[in-house]
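> For reference, the sequence and a predicted model appear below.
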Amino acid sequence: MDIRNWFKTPTPVSLDKPEHDAVDKEDGAISSSVEAARTCSNHEEEASTSSATSTGLFLSLFEFSMRKDPELTRIAKTIPQNACYTSPQIQNDIIELMSKLVTEEIVRQIGDSWYTIKVDGKRDPLGQENISIVLRFVDENYSVCERLLIMATSTKGDAEALTNVIIDELNTARLSTDRILSQVYDGALLMSGRHGGVQKLLQNKLNRHVPYIHCFNHQLHLVVVHAMSSEAAVEDFFKLCNMLYNFIRKPTVAVMYKGESLKRLLDQRWTGHLATVKVLVNSFDDILSLLTEVESRSGLRGTDVRVEATGLLRAIKQRSFLFIAHLVMKLLLLFEPPNRLLQAEDTDLFTAVTLVNSASDCVKTLRNENEFSALWILCCPSATATDADPTTCPSKRKRTVNKSLGDFAVEETVGQPQRDIDEKTEFKRLFYSVIDAVQGEMNARFGERSSELIGALTSLNPEAEATFLDPLKVTPLLALAGIDVVESEYTVAREFLLKKMTDTPVPPEDGKWTIANILSTFNGALQAMPTVVTAYTLALTLGASTAMCENSFSTLKNVFSEHRRSMLHGRKAQLIQLAFEKDLTHLFKSEWKDALMRRFSSEKRRLQLF
């Protein structure tokens with residue numbers, strides 16, 4: 001047989017039907033992926049070149065759908081070419097109708113329920129203010145929901161204008177402002193001002209008390225920032241972290257680095273501080289090797305890189321560098337679980353308070369001699385730059401040290417020069433000073449935990465045995481809704497719940513009863529005690545974080561990309577809502593499809609349909 005003919009002549013292969021079907025399915029999947037990739041690549045090319053023939057993402061996806069749907073292709077070929085429903089105005093109408101249906105569903109879910117408003121603002125790349133308004137409520141199934149009502153805007157940035165925007169948007173959506181239970185914002189003076197802030201102006205306009213809750217995530221950030229900046233050594237440590245980050249990012253240095261990537265420190269996010277410290281501790285040897293190699297390499301272009309490496313190397317070899325890194329990591333790791341759980345949609349105010357209390361108690365446990373000794377032993381062998389005792393000038397006269405202060409780390413001047421204090425004593429002073437600063441900030445910022453409202457929430461938790469469902473304790477919570485306490489209902493509910501919780505072998509969540517699972521488990525029986533159900537519902541409605549507002553800003557970044565900056569705010573806000581409320585937008589493929597078609601067909605318009 002001629003080998004050349006063997007290559008030219010295709011060899012027939014017989015496939016069984018199952019194998020043939022599998023090949024067809026695989027070909028179909030690959031073809032779909034290829035088509036999707038081609039559509040995306042074409043759109044990216046058009047966007048990057050900004051050509052006049054660019055069809056835009058909407059039309060690109062429309063053409064992609066036609067290629068995948070023969071029936072849609074047939075319809076597109078047979079309908080009048082001046083009525084293809086692809087004009088920009090038609091696109092805007094469809095997006096607007098979809099957004100209206102989503103908003104109407106949110107309003108329907110809220111119904112007559114009480115709700116909490118969460119508001120945060122952010123400027124987009126064009127400098128326009130974007131105001132995220134999120135509503136928190138308990139739906140008809142007694143589940144906690146947080147929904148993005150709208151991404152509003154305002155030409156003015158004062159508190160009065162922002163308050164009017166919030167009220168106007170609620171009225172536009174036909175939501176009663178009489179059902180606002182609480183308000184959650186950040187701690188900026190514009191929002192939190194006691195006399196002229198949004199929280200106060202809103203209460204004045206509604207002519208009733210609406211409690212303001214300072215976002216717990218923001219407060220944790222302020223605890224970290226203020227506490228860490230109280231010690232100059234810790235502040236210098238983070239400045240050094242930033243210098244390391246900028247140094248390692250240099251192209252000539254980055255190719256030589258083998259460790260984990262350092263994170264940039266952000267003023268708005270303390271989590272970047274934790275990520276950076278983790279990398280420093282885990283990749284300290286890699287960073288040390290990198291700086292040593294850069295310092296010793298004469299072939300690197302420019303002496304400034306080697307000089308910078310020499311300075312950084314000397315700084316991180318100091319024993320204090322690793323000591324502060326481990327101390328800061330210990331503290332920040334205690335705040336990570338509360339910060340993460342506070343971002344969850346179902347985290348209510350009582351849960352947030354419990355989390356913060358737990359973190360605060362954990363900080364207190366660090367303040368002991370054993371913790372310091374363990375940290376000192378951990379960091380001592382890791383550095384060599386400070387192994388030698390510092391050189392001191394001989395004293396001209398004999399000094400007497402105050403013996404009564406022998407067991408203390410002194411922070412104030414007492415006539416004893418600093419050079420007489422050994423390194424371990426100074427580190428001990430730093431250790432206790434940082435922990436005390438963190439504890440002080442926690443107490444100052446979360447002191448409202450002892451308020452009557454928190455006491456009411458605590459009484460709904462079965463762990464508070466002495467005050468569980470105490471009518472007097474619950475009164476401040478029901479007073480927010482203008483509801484009187486019916487003592488007999490709480491007496492019966494207490495006995496009923498205690499018996500039921502005892503008889504239930506396995507509580508719903510990790511063997512622990514909470515406000516949320518009590519309501520979800522026993523809401524049927526508690527219907528006979530309506531004020532008790534109302535109290536539990538109000539407790540879950542109270543929020544503690546604006547994390548959902550911040551999440552909507554991530555959606556803003558994705559929607560308002562650099563190739564879509566000409567988009568008007570109305571369309572931008574509607575697209576953000578549709579992208580953010582994915583579970584509702586998904587209904588347009590099934591349940592809401594006919595409703596959207598009918599709503600679109602009922603509109604009267606005189607415009608081009610091409």
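Done, it's in.
> Could you export whichever strand or helix holds residue 292 as PDB, CA atoms only?
Secondary structure from DSSP states H and E places residue 292 in helix 284-296. Extracted as PDB, the C-alpha positions of helix 284-296 are listed here (Å, rounded to 0.1, in the frame of the first residue of the first chain):
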ATOM      1  CA  PHE A 284       8.700  36.600  54.800                       C
ATOM      2  CA  ASP A 285      11.600  34.400  53.800                       C
ATOM      3  CA  ASP A 286      10.800  35.000  50.100                       C
ATOM      4  CA  ILE A 287      10.700  38.700  50.600                       C
ATOM      5  CA  LEU A 288      13.900  38.600  52.500                       C
ATOM      6  CA  SER A 289      15.600  36.500  49.800                       C
ATOM      7  CA  LEU A 290      14.300  38.900  47.100                       C
ATOM      8  CA  LEU A 291      15.600  42.000  48.800                       C
ATOM      9  CA  THR A 292      19.000  40.400  49.500                       C
ATOM     10  CA  GLU A 293      19.300  39.300  45.800                       C
ATOM     11  CA  VAL A 294      18.300  42.700  44.500                       C
ATOM     12  CA  GLU A 295      20.800  44.400  46.900                       C
ATOM     13  CA  SER A 296      23.700  42.200  45.700                       C
END
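> Sort out which residues of it are buried, please.
284, 287, 288, 290, 291, 294, 295 (16 or more other CB atoms under 10 Å). From N, CA and C alone the C-beta is placed, and that goes for glycine too.
> Of those residues, which is the nearest to residue 455?
residue 284 (46.9 Å; CB to CB).
> doesn't residue 322 make contact with that closest one?
Yes: using CB atoms under 8 Å, residue 284 and residue 322 qualify as a contacting pair, with a distance of 6.9 Å.
> Point to the residue nearest the middle of this protein.
residue 547 (4.5 Å; CA atoms, centre = their mean).
> so what's the backbone phi/psi at the nearest residue to that residue once chain neighbours are set aside?
Leaving out its chain neighbours, the residue that sits closest to residue 547 by CB to CB, 6 or more residues apart in numbering is residue 343, at 3.9 Å. With angles defined as degrees, to the nearest 10, residue 343 sits at phi -80, psi -10.
> before we move on, what about residue 182?
Dihedral angles of residue 182 (phi, psi; degrees, to the nearest 10) stand at phi -160, psi 170.
> Ok, the one 10 residues further on next?
Backbone torsions for residue 192, taken as degrees, to the nearest 10, come to phi -100, psi 0.
> Just the pLDDT for it.
Looking at residue 192, its pLDDT is 92.
> what about it, neighbour count?
19 (other CB atoms under 10 Å).
> Verify the contact between it and residue 212 for me.
Yes: using CB under 8 Å, residue 192 makes contact with residue 212 at a distance of 6.7 Å.
> what residues do those two have in common as contacts?
Common contacts of residue 192 and residue 212, defined by CB atoms under 8 Å, 6 or more residues apart in numbering, comprise 185, 199.
> Mind giving me the packing neighbours of the helix holding residue 292?
Helices and strands touching helix 284-296, by 3 or more CB pairs under 8 Å, 6 or more residues apart in numbering; DSSP states H and E, are helix 232-248, helix 303-316.
> The same query, at a cut-off of 7 Å, please.
Helix 284-296 sits against helix 303-316, with contacts defined as 3 or more CB pairs under 7 Å, 6 or more residues apart in numbering; DSSP states H and E.
> buried residues in the helix it packs on?
305, 306, 308, 309, 312, 313, 315, 316.
> cool, stretch 183-203 as well?
Buried residues in stretch 183-203 (16+ other CB under 10 Å): 183-186, 190-192, 197-203.
> Check those residues and tell me the two furthest apart.
The distance between the two most remote of the buried residues of stretch 183-203 (CB to CB) is 17.6 Å, for 186 and 203.
> Helix or strand with the lowest mean pLDDT in the chain?
helix 3-8 (a mean of 43; mean pLDDT, DSSP states H and E).
> Strands of the protein, start to end?
115-123, 129-138, 144-152, 180-185, 212-214 (DSSP state E).
> one step back: pretty sure residue 341 is one of the things the residue nearest to the centre of the chain touches, is it not?
No: using CB atoms under 7 Å, residue 547 makes no contact with residue 341, being 10.1 Å away.
> Tell me how far the residue nearest to residue 599 when sequence neighbours are not counted lies from residue 200.
Leaving aside its chain neighbours, residue 599 sits nearest to residue 97 (5.4 Å; criterion: CB to CB, 6+ apart). To residue 200, residue 97 is 38 Å away according to CB to CB, to the nearest Å.
> swap in residue 445?
In this view, residue 445 and residue 200 are 19 Å apart by CB to CB.
> picking up where we left off before, report pLDDT for the residue nearest to residue 547.
88.
> Mind checking which of the buried residues of stretch 183-203 are in helices?
190, 191, 192, 198, 199, 200, 201, 202, 203 (DSSP state H).
> Distance to residue 357 added to the residues you listed, as CSV?
Formatted as CSV, those follow (distance: CB to CB, whole Å):
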residue, distance to residue 357
190, 29
191, 25
192, 22
198, 28
199, 24
200, 28
201, 32
202, 29
203, 28
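> which one of those sits closest to residue 434?
residue 192 (27.1 Å).
> quick one: contacts for that closest one?
185, 199, 212, 214 (CB atoms under 7 Å, 6 or more residues apart in numbering).
> Can you tell me the number of residues neighbouring residue 532?
29.
> That one and residue 526 touch, don't they?
Yes: assessed by CB under 7 Å, residue 532 is found in contact with residue 526 at 5.5 Å.
> Now do the shared contacts for those two.
residue 493.
> I figured residue 537 hits residue 137, correct?
No: at 9.1 Å, residue 537 does not count as touching residue 137 under the criterion of CB under 7 Å.
> More neighbours: those two, which one.
Under the criterion of other CB under 10 Å, the comparison of residue 537 against residue 137 puts residue 137 first, with 23 against 20.
> isn't the more buried one right up against residue 541?
Yes: using CB under 7 Å, residue 137 is in contact with residue 541, at 6.0 Å.
> and for those two, which residues touch both?
Common neighbours of residue 137 and residue 541 (criterion: CB under 7 Å, 6+ apart): residue 115.
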